[in-house]
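> Build the 3D model from these lines:
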Amino acid sequence: MEKEMTYMESVHRDGKIWGLAVAALIILFPVALCFIFSAVPKWDALAEGLIATLPMYWAVGFIEIFTYVPMLGAGGAYLSFVTGNISNLKLPCALNALENAEVKAQSEEGIAEVRWLSGEALFEALKLSYATIKEVVERYTRKR
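Just a heads-up that it's a prediction; the model follows:
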């Protein structure tokens, strides 16, 4: 008999799935553009740029985990890390929603905060995805 998952178990399962899916899309998008435009980067310049910038991103990413997760809770953190723009948009909105609902982020009563973030995150992702895809398609079809 299969044990029913708790809310937190389902949050962690879904967060890992979405995190890996978005990581794959982030990696595959430049690869797809290379195929579409028949362009290959200069590997030595790419490596030099990555060596110069990746340590900063790793450090910031490591710090963000310990900074944002206690404030947003697990569900809000997974959602925010997948969609981005945490400090300017999601964190203030989530903290305001938690304060108005008089709940704590690290509890199951904080579920309202995750639901509220999801609608905002969905709208933002659709808006940005549409604009990006439209621009790529227009540029690609103009050349042919």
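
> Count the neighbours of Asn73 for me.
One correction, residue 73 is Gly, not Asn. 26 (other C-beta atoms under 10 Å). For the C-beta atoms, the positions are set from N, CA and C on the backbone; glycine is no exception.

> so how far is Cys34 from it?
Going from Gly73 to Cys34 by C-beta to C-beta, to the nearest Å gives 38 Å.

> any idea which element the spatially most central residue of the chain lies in?
Centre of the chain computed as the mean C-alpha position; nearest residue by C-alpha atoms, centre = their mean is Val82, 1.5 Å away. Assessed by DSSP states H and E, Val82 sits inside helix 43-83.

> which other helices and strands contact the helix or strand following that helix?
Downstream of helix 43-83, the first helix or strand assigned by DSSP H and E is helix 91-101. Here helix 91-101 is seen to pack against helix 43-83, helix 111-143 when contacts are counted using 3 or more C-beta pairs under 8 Å, 6 or more residues apart in numbering; DSSP states H and E.

> Of all those, which one is nearest Met5?
Nearest of the helices and strands packed on helix 91-101 to Met5, taken as C-beta to C-beta: helix 43-83 at 13.3 Å.
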